[in-house]
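J.: Here's my sequence, what's the structure:
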Amino acid sequence: MADPFAVTNQAPPLRGVNFFTQDAALGDALRPYADLADDPGLHRIGELAGSDEARAHALPANQNPPVLRTHDRYGNRIDEVEFHPSWHWLMEQAVGFGLQAAPWTSDRPSPHLTRAAGFYVWSQVEPGHGCPISMTYAAVPALRADERLAKEWVPQLASTDYDVRRLPVAAKSGVLAGMGMTEKQGGSDVRANLTTATAVGDGEYQLNGHKWFCSAPQVDVFLVLAQAPDGLSCFVVPRVLADGNRNPFALQRLKDKLGNRSNASSEVEFHGTIGYRLGDEGAGVRTIIEMVAATRLDCVLGSAALQRRALVEAIWHTRHRSAFGGLLADKPAMQNVLADLAIESESATALGMRLAAAVDAGDSAFRRIALPLAKFWVCKRTPFMVAEALECLGGNGYVEESGLPLLYRESPLNSIWEGSGNVNALDVLRALRRPESLDAWLTELAAVQGADGRLDTAVNDVLQALADVENAEAGARRLAAQMALCLQASLLIRQSTPEVADAFVASRLAQDWGGVFGTLPRTTPFDRIVERTIG
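T.: As a prediction, this is how the structure comes out:
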């Protein structure tokens, strides 16, 4: 008789998986743009990401959220945030890998694509610390609007040293960046901002007001929007001034958030805070838009990473868990679910890497249309996908120790950050007012024209929808979704296996699908699709 107290039929810990080398979908997504299969940096990131050491830091960083310290023991205002050691370990690795701003100063080929692959792989460890990494990456193109400010900040932003000391930029070996855009009364409508900026000379201003969401308030410098005499403008706001004094930066409270709990998000007030104008007065949105574009790319990459990690956990569990006379992974119904999840994950990865390659190529027309499309669709799909992957683990997936609840709480975030669904769908309409944007989308699709009649039909449907300009805003989400699906289909047809591409087009474009995961056509070769996921 079996011992009722023995632990049996439980999946072992996920070990021995290099998150880079064993991701065939990622390899296929990179190959058309650069030969990165043997890149030593990506191999190191993948090995560490799949290690016991990385897993040991992911949950503690979330279970021990940051703590706000507004004053020291003597009553002096300090406005600092304390983090668990696991947070600092995660940050040290990410900065050491150059995932923050190193590509902007790199002379290697395809630096942004390489960084995108590393960011995607490393984000599978723990997503919260990706926020300051992403904002630091995104700050550089905006800073280049002012040669003097760029010279002062970019070298340290691109440094691979994680330096937490509270010092002036010139005294630090590395710095990190954040942003302050939204306010209580406006949110995404940043032109409703009330924070004021008063010139005091030589590009220096004093800021007075608040920011409702200021993520990663512990970093060294922020790009902030405020109302100057000639309109909404962008400012560089350091935490420590050149003379070593702290810039007034009053942290009111940390947000108690659904997810992203390892990362500090704050409300901040400015009381005579020093800022240096970046770009012209009145051109704040135009100046900071490059930072927004870069963070939108990381929203896509981060969501793709969440999908991938959830998929790997689901496959690993079902390959080691038996029920009803056999392994779960061998059951036809489960195979359909896993294959469907794999297709969703691969399509997100392919689109994210295509966008990163466009940064290297300087393809601004494609980025202008494809970024809001991808941000809208990939980030919208992620909560559904992660929830289904969690269900593959059953009750085990609902337990914090599995790591799936962490992924699930994180999954809606990227759809909100840097513009929610409606903001990005409407941004697609704005992009389409420029002929070069639609031309860039059509050029991308032309590469596979005639390869699959179902995709050709979907493209024609988009063109017909574009003719209905009177109802454009009401149909913005439908249009953005269809355009994103067409892009994903074209990439899978070119890059992936015929089985993956056919299943994607049949389900997502030809509607041979039940609308929920696990309803692919019964003739789909589920085993071949799942097998290539983690080998």
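J.: Please make it C-alpha for all contacts and neighbour counts, starting now.
T.: Will do.
J.: For residue 226, see how far away the closest residue to residue 270 other than its chain neighbours is.
T.: Leaving aside its chain neighbours, residue 270 sits nearest to residue 208 (4.8 Å; criterion: CA to CA, 6 or more residues apart in numbering). Residue 208 is 9 Å from residue 226, where distance means CA to CA, to the nearest Å.
J.: cool, and residue 47?
T.: On the measure of CA to CA, residue 47 and residue 226 end up 44 Å apart.
J.: and what of residue 303?
T.: Taking CA to CA, one finds residue 303 at 30 Å from residue 226.
J.: Looking at these two now, which is surrounded by more residues?
T.: residue 303 (34 against 31; other CA atoms under 10 Å).
J.: Can you check my assumption that the more buried one lies in a strand?
T.: No - using DSSP: H, G, I helix; E, B strand; the rest coil, the assignment for residue 303 is helix, not a strand.
J.: for it, what are its contacts?
T.: By CA atoms under 8 Å, 6 or more residues apart in numbering, the residues touching residue 303 are 378, 379, 382, 411, 414.
J.: give me the element the first one is part of.
T.: It refers to residue 378. helix 364-392 (DSSP states H and E).
J.: and that helix, what's its mean pLDDT?
T.: Helix 364-392 shows a mean pLDDT of 97.
J.: Quick check: phi and psi at residue 80.
T.: phi -120, psi 160 (degrees, to the nearest 10).
J.: how many neighbours does residue 436 have?
T.: Residues within reach of residue 436, counting by other CA under 10 Å, total 16.
J.: And residue 10, by the same measure?
T.: A count of nearby residues for residue 10, using other CA under 10 Å, gives 12.
J.: try the one 3 residues further on
T.: Applying the criterion other CA under 10 Å, we find 12 residues in the vicinity of residue 13.
J.: so how far is residue 320 from it?
T.: Taking CA to CA, one finds residue 13 at 10 Å from residue 320.
J.: partners of the strand ranked longest in the chain in the sheet?
T.: In terms of residue count, the longest strand belonging to the chain (DSSP state E) is strand 265-278. Under the criterion DSSP bridges, strand 265-278 sits next to strand 204-215 (antiparallel), strand 231-238 (antiparallel), strand 250-254 (antiparallel) in its sheet.
J.: Kindly provide the whole-number mean pLDDT of stretch 125-135.
T.: Across stretch 125-135, pLDDT averages out at 97.
J.: Report the separation between the two terminal residues of that stretch.
T.: Start-to-end, stretch 125-135 (CA to CA) is 18 Å.
J.: Can you get me the centre-to-centre distance for it and its chain?
T.: 8 Å (CA atoms, centre = their mean, to the nearest Å).
J.: Stretch 251-270 too?
T.: That offset, for stretch 251-270, works out to 19 Å (CA atoms, centre = their mean).
J.: try stretch 229-241
T.: Distance, centroid of stretch 229-241 to centroid of chain: 26 Å (CA atoms, centre = their mean).
J.: got it, and stretch 278-294?
T.: Distance of stretch 278-294 from the chain centroid (CA atoms, centre = their mean) equals 20 Å.
J.: For that stretch, give me every contacting residue.
T.: Here stretch 278-294 makes contact (CA under 8 Å, 6+ apart) with 134-135, 137-143, 145-146, 149, 223, 225-236, 371, 418.
J.: What's the mean pLDDT across it?
T.: For stretch 278-294, the mean per-residue pLDDT is 93.
J.: now do stretch 100-111
T.: 95.
J.: tell me which residues of it are tucked away?
T.: Across stretch 100-111, burial judged by 16 or more other CA atoms under 10 Å covers 100, 101, 102, 103, 104, 110, 111.
J.: end-to-end on that stretch?
T.: End-to-end distance of stretch 100-111: 12 Å, with CA to CA as the criterion.
J.: which residues sit against it?
T.: By CA under 8 Å, 6+ apart, stretch 100-111 touches 33-34, 94, 112, 115, 133-138, 140, 155, 157-160, 357, 360.
J.: can we see that at 7 Å?
T.: 34, 112, 115, 133, 134, 136, 137, 157, 158, 159, 360 (CA atoms under 7 Å, 6 or more residues apart in numbering).
J.: Shouldn't the second one be within a strand?
T.: What it means is residue 112. No - counting by three-state DSSP, residue 112 is not found in a strand; it is helix.
J.: i'd like the first residue to be 336 from this point on
T.: With the count now opening at 336, the last piece we talked about shows up as residue 447.
J.: Am I right that it is in contact with residue 696?
T.: No - the pair residue 447 / residue 696 is not scored as a contact, 9.6 Å apart, by CA atoms under 7 Å.
J.: Which one of the two is surrounded by more residues?
T.: residue 447 (24 against 13).
J.: quick one, what contacts the more buried one?
T.: Residues in contact with residue 447 (CA under 7 Å, 6+ apart) are 438, 691, 692, 694, 695.
J.: how far away is the first one from residue 513?
T.: Spelled out, it's residue 438. 18 Å.
J.: Then the last one?
T.: Look at residue 695 and residue 513: by CA to CA, they are 23 Å apart.
J.: Same drill for those two, tell me which one is more crowded.
T.: The neighbour count for residue 695 versus residue 513, taken as other CA under 10 Å, is higher for residue 513 (25 against 16).
J.: Thanks a lot, see you next time.
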